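Chemist: Okay, predicted coordinates and the sequence, questions at the end:
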Amino acid sequence: MSMFEMLLGSWYTTTRELIKVSEWYAILCVVHQLALGFAVIEVMADVFLHETFQKASLDDGSMTTQTMRKIKSNTKKIKVFFETADQDGDGFVDKSELEQILQRNEVRKWLSGMGLEIGNVVSAFAVLDNNGDEQVSLEEFVEGAWYLKGQASAIETAKVRVMLEEMKGKVEGRVQQPR
């Protein structure tokens, strides 16, 4: 009988045998089992499981499938929202229809839960209305909803910064030219 056998085998029977020699071995065996059995082996198992799940989550195929499933699910939800917002059934949502549906508290909560932050209806409608016809089609709505979802990406922010620098250069160029 060894401590190794006691750790990985039946610690109860080993402890019973050692108690026949001296009752003090019971304390030693219980401390040994608690310290090594529950601490070290559980930590090793947790590290192994953590590494396994981390490798599985980084799997490109799994990640891509998960992302595509999420996009498809969110697109379906956005389409249902569009159909609800399109009160006259013409296939387009205008600013008044959007304002009207956004007055509902449960709609605002649902949009927030979806990650669609619509603080100002006018600016949100401007993002949704790609062609500037004051009406938003289903395709425009779905595409624009992704721009409203979450924070702006670094690439989008950089694009806006470049556009602002270009506009600033044009404005300064016009101001400096004599009339």
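Modeler: Right, received. Where do you want to start?

Chemist: Pretty sure residue 90 sits in a strand.
Modeler: No. Under DSSP: H, G, I helix; E, B strand; the rest coil, residue 90 sits outside any strand and is assigned coil.

Chemist: mind listing what residue 26 touches?
Modeler: Applying CB atoms under 8 Å, 6 or more residues apart in numbering to residue 26 gives the contacts 15, 18, 19. Just so you know, the C-beta spots here come from the backbone N, C-alpha and C atoms, and that holds for glycine as well.

Chemist: Please report how far the last one lies from residue 13.
Modeler: I take that to be residue 19. 11 Å (CB to CB, to the nearest Å).

Chemist: related to what we said a few turns ago, output the contacts of residue 26 as JSON lines; include the columns neighbour count, secondary structure and distance to residue 54.
Modeler: Below are those laid out as JSON lines (neighbours: other CB atoms under 10 Å; DSSP: H, G, I helix; E, B strand; the rest coil; distance: CB to CB, whole Å):
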{"residue": "15", "neighbour count": "18", "secondary structure": "helix", "distance to residue 54": "37"}
{"residue": "18", "neighbour count": "17", "secondary structure": "helix", "distance to residue 54": "41"}
{"residue": "19", "neighbour count": "13", "secondary structure": "helix", "distance to residue 54": "44"}
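
Chemist: from those residues, which is closest to residue 101?
Modeler: Nearest to residue 101, judged by CB to CB, of the contacts of residue 26 is residue 15 at 69.7 Å.

Chemist: surely that closest one meets residue 30?
Modeler: Yes. Contact criterion CB atoms under 8 Å: residue 15 and residue 30 qualify, at 7.3 Å.

Chemist: Identify each of the helices in the protein and give its residue range.
Modeler: Shown for the chain, the helices assigned by DSSP state H span residues 3-8, 11-21, 24-32, 41-57, 60-85, 95-102, 105-114, 121-128, 138-148, 154-176.

Chemist: Least confident of those helices, on average?
Modeler: With a mean of 60, helix 3-8 has the lowest mean pLDDT of the helices of the chain.
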